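I'd like to go over a predicted model; first the sequence, then the structure.
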Amino acid sequence: MPGSFNETKPAAHVGQGWAFPVRTTVQGGFPLSAGDQNLMESIRVLLRTRIGDRVYRPEYGCRLSEMTFAPMNTDTLLLIRLHVQEALERWEPRIVLDQVLAEPDWENGRVNIVILYQAKETHQRRSVVYPFYLMPPE
């Protein structure tokens, strides 16, 4: 039915936005990121944002921060994968998530989260490695 809220959503576009981390250029402007770079930055911002941190979007974010100080074991690795998958599927409509891997790095006390995805707009396969420290660095 035209004009109703049940219409299909338009396709999500990769677009462009402020580069992350936010900084200024020599001329005093803000650098922009576009395309795949913007998409990777958005994924990193999502994973760094705790649920409840955004005032006007309190549900936005990832439960990954709940895993800080968790023991490095199979249960923790599974929860990390589930939290990341849940956040990406809910909040990043510009990708098709293929797989999330949680690879332990015992020596550094971190988990390398490998995110394999396809950008919906280009259908190109991409990956992002996000280091997550179970013990905050000193």
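In hand now; what should we look at?

Which elements pack onto the helix or strand encompassing Leu101?
Using DSSP states H and E, Leu101 sits within strand 95-105. Using 3 or more Cβ pairs under 8 Å, 6 or more residues apart in numbering; DSSP states H and E as the contact definition, the elements that strand 95-105 packs against are helix 74-91, strand 110-119. Heads up, the C-betas are built off the backbone N, CA and C, glycines and all.

quick one: which of the ones you listed is nearest Cys62?
helix 74-91 (3.7 Å; Cβ to Cβ).

contacts for stretch 79-97?
Taking contacts as Cβ atoms under 8 Å, 6 or more residues apart in numbering, the residues outside stretch 79-97 that touch it are 9, 12-14, 39, 42-43, 46-47, 60-64, 66-67, 70, 100-102, 111, 113, 115-121, 130, 132.

residue ranges with poor pLDDT in this structure?
Low-confidence segments of the chain, defined by pLDDT under 70, span residues 1-25, 29-35, 136-138.
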